[in-house]
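Visitor: quick check, what structure comes out for this input:
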Amino acid sequence: MTTSPNKKLTISANRAHIKISWTAAFLLVVIGIISFVYADGFTILYRSGLSLITPHIQFEIKPQSTIIPANSSIQIYIDAQIKNSQDQLLEGFGIAVTILSGQAQLSISDTLPTDISQRWWLTSPSHPQVVTLSFTYKHLIKTLVIDVYDPTPPTVPTIKAPINDAIFSTATPIISGEAPTDTRVEIYIDGMLNSATDVKDGNFSISLQTALKRGKHILYATSLNKYQVRSNRSDTLTIDIQTPDPEIDLLNLRISPKIVKAGQSFRIFVPISSDINNVELILETGIYTLQDIDNSSVFSGEIPAPSNPGLYSLSLVITSNSEEKILVEKVASIQVN
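Guide: Okay, here's the model as predicted:
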């Protein structure tokens, strides 16, 4: 049988095309393998295989605290809990611990709580630092960071104003002074915490957050850093609150109903002078703002009653248009049944 030149040419072209196709396919396979290797594909396959052949395990690290003062006489415990898919507790002898950064002394506890797989005791280093620990159980890894801080108390704050025996016509005078940066200054009045503010630039200034009654009060301040280490208290000073008598029409002050059911609410109406900007009602359960809705100088509001029966006193904090505050104690009372 004789093959025409055109048919031979066609067969040769087809064979060449097949060779090119197989070459292209081979190159694509090679490129795919190289990309797979560079993309850490074997690790992906390994982890995927582990996830298929390894039962589900819950592995948790539970430290007593993640901050500890730099004091070699102090210890904290670090617990590990391992549970299987049936929520059964597993033993923790196979856990490996590695210190990644810092210096730490770890020892295994002789006794364990019933719900813990393993417990270690960490002895605090003697110098401030960050300790990083790695806990490995089979293919699971947990990292724990412990902040070892300087236990030295912050510097005592200094109250610059007011001066001792200062007299105020407002129940919430401004207290200002100096304190360490990045601390929190707490203001105490008569031994009770009254106000607090964060210090950003070494100075603080704060209006007392709880109004004071008339008379003399003892004031001092302390500083608290982010580790809750407290300074010694500042020198005490005396302030004298001499607020004017507010013009409250006590004869027309009304409460409705007169006897309040526990857990319900009542309304109060307080007639007062026209130069008042704000009125707050103080009840044992909280502080509530009253409203002068129709600009009649009668401040009112619906107040939730206490949940327990008893006789409760009502006090007012009155703010004038000049922003001076007056505390008026026990202006009325309510009977809660």
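Visitor: phi first, then psi, for L250.
Guide: Dihedral pair for L250: phi -60, psi -30, per degrees, to the nearest 10.
Visitor: which non-adjacent residue is nearest it?
Guide: V331 (6.6 Å; CB to CB, 6 or more residues apart in numbering). Every residue, glycine included, has its C-beta placed from N, CA and C.
Visitor: same check, this time on I189
Guide: H217 (5.2 Å).
Visitor: repeat for H56
Guide: S85 (4.2 Å).
Visitor: pLDDT score for the one you found?
Guide: Looking at S85, its pLDDT stands at 91.
Visitor: for it, grab the count of nearby residues.
Guide: 9 (other CB atoms under 10 Å).
Visitor: about what we covered before: which element is the residue nearest to I189 on?
Guide: strand 215-224 (DSSP states H and E).
Visitor: tabulate the CA atom coordinates of that strand in PDB.
Guide: Only the C-alpha atoms of strand 215-224 are listed here, as PDB (Å, rounded to 0.1, in the frame of the first residue of the first chain):
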ATOM      1  CA  GLY A 215     -18.000  70.400 107.200                       C
ATOM      2  CA  LYS A 216     -14.300  69.400 107.400                       C
ATOM      3  CA  HIS A 217     -12.800  66.400 105.700                       C
ATOM      4  CA  ILE A 218      -9.400  64.600 105.700                       C
ATOM      5  CA  LEU A 219      -7.900  64.100 102.200                       C
ATOM      6  CA  TYR A 220      -4.900  62.100 101.000                       C
ATOM      7  CA  ALA A 221      -3.800  60.300  97.800                       C
ATOM      8  CA  THR A 222      -2.000  57.200  96.700                       C
ATOM      9  CA  SER A 223      -0.500  56.000  93.400                       C
ATOM     10  CA  LEU A 224      -1.200  52.500  91.800                       C
END
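Visitor: partner strands of the helix or strand just after that strand, parallel or antiparallel?
Guide: Note on strand 215-224: by DSSP H and E, the next helix or strand toward the C-terminus is strand 237-241. Strand 237-241 has the following sheet partners, assigned by DSSP bridges: strand 166-168 (parallel), strand 215-224 (antiparallel).
Visitor: and strand 237-241, average pLDDT?
Guide: Strand 237-241 comes out at a mean pLDDT of 96.
Visitor: from the chain's centre, how far out does the helix or strand just after it sit?
Guide: The first helix or strand that comes after strand 237-241 along the chain, using DSSP H and E, is strand 254-256. Offset of strand 254-256 from its chain centre (CA atoms, centre = their mean, to the nearest Å): 40 Å.
Visitor: can you map out the strands along the stretch 51-200 of the chain?
Guide: Applying DSSP state E, counting those that start in this stretch to the stretch 51-200 of the chain gives strands spanning 57-63, 67-69, 75-84, 96-101, 105-108, 118-123, 129-137, 140-149, 158-161, 166-168, 174-178, 183-189, 192-199.
Visitor: those strands: which one's closest to T210?
Guide: For the strands of the stretch 51-200 of the chain, proximity to T210 was assessed by CB to CB; strand 192-199 is nearest, at 5.0 Å.
Visitor: the residue nearest to I189 and A305, how far apart?
Guide: 31 Å (CB to CB, to the nearest Å).
Visitor: next one: I163
Guide: Counting by CB to CB - I163 and A305 are separated by 43 Å.
Visitor: for R233, see how far away the residue nearest to H56 is.
Guide: 55 Å.
Visitor: one more: I99?
Guide: For I99 relative to R233 (CB to CB), the value is 40 Å.
Visitor: cool, I303 as well?
Guide: Taking CB to CB as the measure, I303 falls 37 Å from R233.
Visitor: quick one, which of the two is more surrounded?
Guide: I303 (20 against 14).
Visitor: wait, that one sits on Y288?
Guide: Yes. Assessed by CB atoms under 8 Å, I303 is found in contact with Y288 at 5.2 Å.
Visitor: list residues touching both of the two?
Guide: L281 (CB atoms under 8 Å, 6 or more residues apart in numbering).
Visitor: which residues touch the residue positioned nearest the centre of the chain?
Guide: The structure's the chain has its C-alpha centroid closest to K226; by CA atoms, centre = their mean the separation is 11.5 Å. K226 makes contacts with D182, as judged by CB under 8 Å, 6+ apart.
Visitor: go on, V331?
Guide: I248, L250, L253, V270, L314, S315, L316.
Visitor: need the pLDDT of it.
Guide: At V331, pLDDT is 90.
Visitor: does it lie in a helix or a strand, and which?
Guide: Counting by DSSP H and E, V331 is part of strand 325-336.
Visitor: given that strand, what are its sheet partners and their directions?
Guide: Strand 325-336 is paired, per DSSP bridges, with strand 259-260 (parallel), strand 310-320 (antiparallel).
Visitor: which other residues reach the first one?
Guide: Strand 259-260 is touched from outside by F266, A305, I334, Q335, V336, N337, with contacts defined as CB under 8 Å, 6+ apart.
Visitor: more neighbours: I163 and A305, which one.
Guide: Neighbour count, other CB under 10 Å: between I163 and A305, A305 has more, with 19 against 10.
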